[in-house]
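In: below is the structure, and that's it, no one-letter string:
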């Protein structure tokens, strides 16, 4: 199973629409995938004392267990103030180390304005690299998402659509190659 993580807690975001389309593409390519959205988290459970394995809020624990069990993680990350959203950072800070990260195949796609989410993807690469995840090298940057995506979350640009199709296919191959090598994350 591939988890497609929506990297914002904004309900009805373009990231969430795009995630639905990515899941369809994985499923069309014979890989089971599902969307996991930060909008599903009950943020009222958060307070300054909730860090630590015994204090993980229930809505985060449910999602974290899915990450721990997945074959690969596809992260869709919008740019917020020159980086990735604070909600995504807070979510990641609750994950189990090393289980959630170590040797986990991770694919990153950025969304934004002029630079298409380049900065948040680079920041996420630092986080996942620090925690020894296998970062898939084919990244996608969706520039000017307000113009290049339809209201239904479809990409209207032919070149970008081809790159996304290639990324989805190749990420599935990347996951299988890591599994065959014996280096895949421990579940």
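Out: Alright, I've got the coordinates. Model, not experiment: these values are computed from the prediction.

In: please count neighbours and contacts with C-alpha atoms only from this point.
Out: Will do.

In: what segments of the protein are strands?
Out: In the chain, strands defined by DSSP state E lie at 2-6, 33-37, 72-78, 105-111, 134-135, 140-142, listed in chain order.

In: gap between residue 102 and residue 108?
Out: 16 Å (CA to CA, to the nearest Å).

In: quick check: buried residues in the helix or strand of the chain with the lowest mean pLDDT?
Out: Every helix and strand of the chain was ranked by mean pLDDT, DSSP states H and E. The lowest is helix 145-148, at a mean of 82. Neighbour-count burial for helix 145-148, counted by 16 or more other CA atoms under 10 Å, picks out residue 145.

In: contacts for that helix next, please.
Out: Here helix 145-148 makes contact (CA atoms under 8 Å, 6 or more residues apart in numbering) with 14, 111-113, 116, 142, 155-157.

In: for the residue nearest the centre of the chain, list each beta-bridge partner.
Out: Geometric centre of the chain, nearest residue: residue 75, 1.4 Å, by CA atoms, centre = their mean. Applying DSSP bridges to residue 75 gives these bridge partners: residue 5, residue 108.

In: for the contacts of helix 145-148, give me CSV that also has neighbour count.
Out: As requested, the contacts of helix 145-148 are arranged in CSV below (neighbours: other CA atoms under 10 Å):
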residue, neighbour count
14, 23
111, 28
112, 22
113, 16
116, 21
142, 24
155, 19
156, 13
157, 12
